[in-house]
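Chemist: quick one, what's the 3D model for this:
(chains A, B, C and D)
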Number of protein chains: 2
Amino acid sequence: MYIWASQLTIMNKNHLYKGTLSTILLKLLEEHGRMYGYELSKKAKEVTQGDLDITEGALYPALHKLEAEGLLTTEIEMAGKRQRKYYKLAEKGEGEARKRIDELAEYARNLQQFLNPQPGHG
Amino acid sequence: MYIWASQLTIMNKNHLYKGTLSTILLKLLEEHGRMYGYELSKKAKEVTQGDLDITEGALYPALHKLEAEGLLTTEIEMAGKRQRKYYKLAEKGEGEARKRIDELAEYARNLQQFLNPQPGHG
DNA sequence: GTAAATGCATAAGAAAGTAATGTATATTTG
DNA sequence: CAAATATACATTACTTTCTTATGCATTTAC
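Modeler: Residues are numbered from 1 along each chain as shown, chains lettered A, B, ... in the order given. Below is the predicted model of the structure:
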């Protein structure tokens, strides 16, 4: 028995991104430079056409961990009375960040090849 | 501080496949028909060039869950004195299986596009 | 003025992995 | 032929990483 109707409006495909979330954040920061948490979650949703709706309980711990690992640095700024915590790639962690992004990119290629074989080349 | 040397021979990229494992099993069964657990793990390793090394603690619970969900049916056969538990896609679950595979395929395409933008089209 | 959006964060619990252990048969290798 | 490795199933304790819920505060839209 399935209960779908009440959830239709908030369906996403978060379960597919398990394990790849922090690397997606690294890629977004590499592309856009300096970004704050809320901005990252909105951008992630935008570039995945709504498929990836990062919850706060996933977003902030992931960012904190990347910072603790030395891959990100932070600066807090005030927008009016509201604080924003900006993240950017740490210079000392750029090698590791690039490595993780490359690894995920290769994974994406392999997975696509496995699941979407090109007609006439199989 | 990193400890890599002693682990080099067994490195894999399992962490990337989190959340996609059971759908990869469905795709393998769709492609190859009837397979048993151990065979599935070897085939998965083969098609991913060693990147995906499914542990038994992941493999068997995943298969049991797919069976409980009605997506797979099983038949036990003896190979000599050793038993093999063969899995195949259940007829009643083919729609759901196809849906999950399609969803993962779309995810793979999106992720690849995000991470590997084509030069001259960005 | 009230709801929704913006902005940070943490805590309890669930899901899905890893590593280790257990049991047994078959094959390869020195 | 003895021992190591491979085949074949499974479970358990633990870890990581997510979801859901909660909390606090400011700003914008209706």
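
Chemist: pull the number of nearby residues for the residue in chain A positioned nearest to DNA strand D.
Modeler: Nearest residue of chain A to DNA strand D (CB to the nearest atom of the strand) works out as A:Gly57 at 2.0 Å. No exception for glycine: its C-beta is placed from N, CA and C like everyone else's. By the criterion of other CB atoms under 10 Å in any protein chain shown, A:Gly57 has 8 neighbours.

Chemist: what does A:Ala90 give?
Modeler: If you count neighbours by other CB under 10 Å, A:Ala90 ends up with 17.

Chemist: and if you look at A:Ser22?
Modeler: Residues lying near A:Ser22 (other CB under 10 Å) number 20.

Chemist: and if you look at A:Gln118?
Modeler: Residues near A:Gln118, counting by other CB under 10 Å: 7.

Chemist: from B:Thr48, how far out is it?
Modeler: 18 Å (CB to CB, to the nearest Å).

Chemist: strands of chain A, residue ranges please.
Modeler: Ranges of strands in chain A, per DSSP state E, are A:35-36, A:72-79, A:82-89.

Chemist: now find how far off-centre stretch A:69-89 is within its chain.
Modeler: Remark: stretch A:69-89 is offset 17 Å from the chain centroid, using CA atoms, centre = their mean, to the nearest Å.

Chemist: got the contact list for that stretch?
Modeler: A:26, A:29-30, A:33-38, A:40, A:63, A:66-67, A:90, A:92-93, A:96-97 (CB atoms under 8 Å, 6 or more residues apart in numbering or on different chains).
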